[in-house]
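> predicted model and sequence below, questions to follow.
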Amino acid sequence: MLKKISFVILVVLLIGMLVSSVFAASDTVTVLGVWTGAEAEAFNKMIAPFEAETGIKVEFTGTRDLPAILTTQVEAGNPPDVSALPNPGQMIEFARAGKLVDLSTFMDMDVLQSDYSPTWLDLGTYKGKLNGVFISADLKSLVWYNPKAFAAAGYTVPTTWEEMIALSDKMVADGKTPWAIGFESGAASGWAGTDWIEDIMLRTVEPEVYDLWVSHGISWLDNRVQRAFELFGQIALNEKYVYGGTNAELTINFGDSPDALFTTPPNAYMHRQATFIKSFILDHFPNLVPGEDFDFFPFPPIDPQYGIPALGAADLFAMFNDTPEARAFMEYIVSPEAQEIWVGELGKLSANKRINPAAYPDDLTRKAAKILSEASTFRFDGSDLMPSAVGAGSFWTGILDYVSGIPLKNVLMTIETTALDAYRK
């Protein structure tokens with residue numbers, strides 16, 4: 001009799017454990033992201049208020065190999081509820097395969113359309129369905145300078161490409177060197193030059209043509225691509241414009257390059273780079289004050305009809321499993337409250353126009369965020385979207401070849417040959 005009672009008790013306990021396990025599982029949301037270390041700590045700080053408010057447990061997994069792991073999980077039929085995505089290109093692939101939830105079926109679109117510029121919602125939309133949302137970004141379309149050095153020399157910030165070239169010529173006439181440029185980055189040398197080409201393309205062609213170029217819808221030998229390289233060469237190939245000349249461009253590390261702006265007297269006066277270069281400047285010159293000792297202006301327009309687009313990278317989230325917990329999580333991460341924590345921890349920029357500017361660490365970051373949120377056009381770094389044989393291969397080396405003196409037609413032919421093979425795979 002005791003054995004029967006013990007057996008019944010054991011069965012009841014097992015059932016209770018299974019039931020509680022099922023209920024516990026319903027109070028969780030699984031999230032896959034690229035962040036580890038300090039970035040993962042920042043992510044956990046961002047989701048802490050969500051967990052406390054809702055009682056939902058966020059099971060976060062961070063990996064630097066996100067694209068491969070996510071693809072494997074999706075193909076196995078076991079995707080996370082929510083995942084960060086490296087770029088809109090992969091979002092479109094999953095959306096085309098019917099793997100993503102249409103966020104507009106439960107999100108308040110009136111609020112989203114008020115909080116985000118149309119370009120951000122368009123980037124997350126595929127065939128009329130909102131499949132992705134952005135929580136932060138890095139802005140690349142910036143030219144850094146030393147305001148005190150500018151003031152001492154009587155220089156004013158240019159607002160067009162023509163004004164920037166005229167300013168460069170004036171600096172040369174004054175016996176000064178306009179630009180600090182460095183493309184050395186170990187095995188990744190040349191990437192910093194691809195950003196120049198991408199920014200110039202966005203200012204000389206329609207955004208749709210930029211997209212065609214990225215997807216190899218137009219050839220690298222196209223006149224529009226050639227023109228972008230030639231405009232880049234107007235600065236990068238001019239020995240009088242660049243500190244140390246073209247040899248220095250090929251040998252100075254990208255992170256050391258802006259140092260030339262802060263010597264006495266300055267070795268150079270302008271440097272084109274993304275928001276993240278601020279950390280390099282402060283690491284090398286910790287006593288400099290952002291906004292006072294160094295500042296930036298937007299990479300200026302070239303053809304006026306295309307305005308001042310924003311080039312960069314961004315943190316994109318998509319939803320694979322439609323659960324109440326995943327819905328709640330997605331609604332939370334697009335809110336200004338969540339993003340204020342995220343950008344405050346990492347110094348990134350939010351695309352949400354309602355974010356409190358005080359969340360940013362300094363006025364300089366606030367200014368970059370304003371440029372980003374108000375941009376009429378935003379596009380991802382093109383080389384990051386291309387097949388690696390091109391984007392992280394022949395495009396990078398093509399920049400180095402062009403700067404080293406190889407004829408442009410030869411450089412573009414080499415990239416085009418690589419692209420013809422890479423885009424077929």
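Great, that's in hand.
> isn't residue 132 up against residue 122?
No. Look at residue 132 against residue 122 with Cβ atoms under 8 Å: they stay out of range, at 10.8 Å. Glycine gets a C-beta too; all of them are placed from N, C-alpha and C.
> neighbour count: the two, which is higher?
With neighbours defined as other Cβ atoms under 10 Å, residue 132 and residue 122 compare such that residue 132 has more, 27 against 14.
> once you drop chain neighbours, what's closest to that one?
Spatial nearest neighbour of residue 132, chain neighbours left out: residue 124 (3.8 Å); criterion: Cβ to Cβ, 6 or more residues apart in numbering.
> list the contacts of that neighbour.
88, 91, 103, 130-134, 316 (Cβ atoms under 8 Å, 6 or more residues apart in numbering).
> how close does it get to residue 242?
Separation of residue 124 from residue 242 (Cβ to Cβ, to the nearest Å) stands at 39 Å.
> and for residue 166?
17 Å.
> these two: who's more crowded?
Using other Cβ under 10 Å as the criterion, residue 166 and residue 242 rank with residue 242 on top: 25 against 12.
> the more buried one contacts residue 235, correct?
Yes. Counting by Cβ under 8 Å, residue 242 touches residue 235, with 7.4 Å between them.
> overlap in contacts of those two?
In contact with both residue 242 and residue 235: 178-179, 181, using Cβ under 8 Å, 6+ apart.
> residue 174 - how many residues pack around it?
Counted with other Cβ under 10 Å, residue 174 comes out at 12.
> quick check: it touching residue 153?
Yes. Using Cβ under 8 Å, residue 174 makes contact with residue 153 at a distance of 6.9 Å.
> surely residue 30 forms part of a helix?
No. Residue 30: not assigned to a helix; according to DSSP: H, G, I helix; E, B strand; the rest coil it is strand.
> can you report how many residues neighbour it?
Neighbours around residue 30, by other Cβ under 10 Å: 23.
> ok, what's across the strand from it?
residue 59 (DSSP bridges).
> OK, contacts around it?
By Cβ under 8 Å, 6+ apart, the contact list for residue 30 reads 59, 61, 80-82.
> just the buried residues of those.
Neighbour counting over the contacts of residue 30 (16 or more other Cβ atoms under 10 Å) leaves 80-82 as the buried ones.
> narrow those to those in helices?
Counting by DSSP state H, no part of the buried ones among the contacts of residue 30 is found in helices.
> possible to save those as CSV with distance to residue 139 and pLDDT?
Shown next, in CSV, are the buried ones among the contacts of residue 30 (distance: Cβ to Cβ, whole Å; pLDDT from 0 to 100):
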residue, distance to residue 139, pLDDT
80, 28, 98
81, 30, 98
82, 25, 98
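> which ones among those residues map onto strands?
Per DSSP state E, strands hold the following members of these: residue 82.
> skip the chain neighbours and tell me the closest residue to residue 256.
residue 182 (6.2 Å).
> the one you found falls within a helix, correct?
No. Using three-state DSSP, the assignment for residue 182 is coil, not a helix.
> is there a neighbour count for it? I'd like the number.
26.
> residues in contact with it?
Per Cβ under 8 Å, 6+ apart, neighbours of residue 182: 192, 248-249, 251-257.
> which one (most neighbours) among those?
Compared across the contacts of residue 182, residue 257 has the highest neighbour count, 27 neighbours, by other Cβ under 10 Å.
> angles on the backbone of that one, please.
phi -60, psi -40 (degrees, to the nearest 10).
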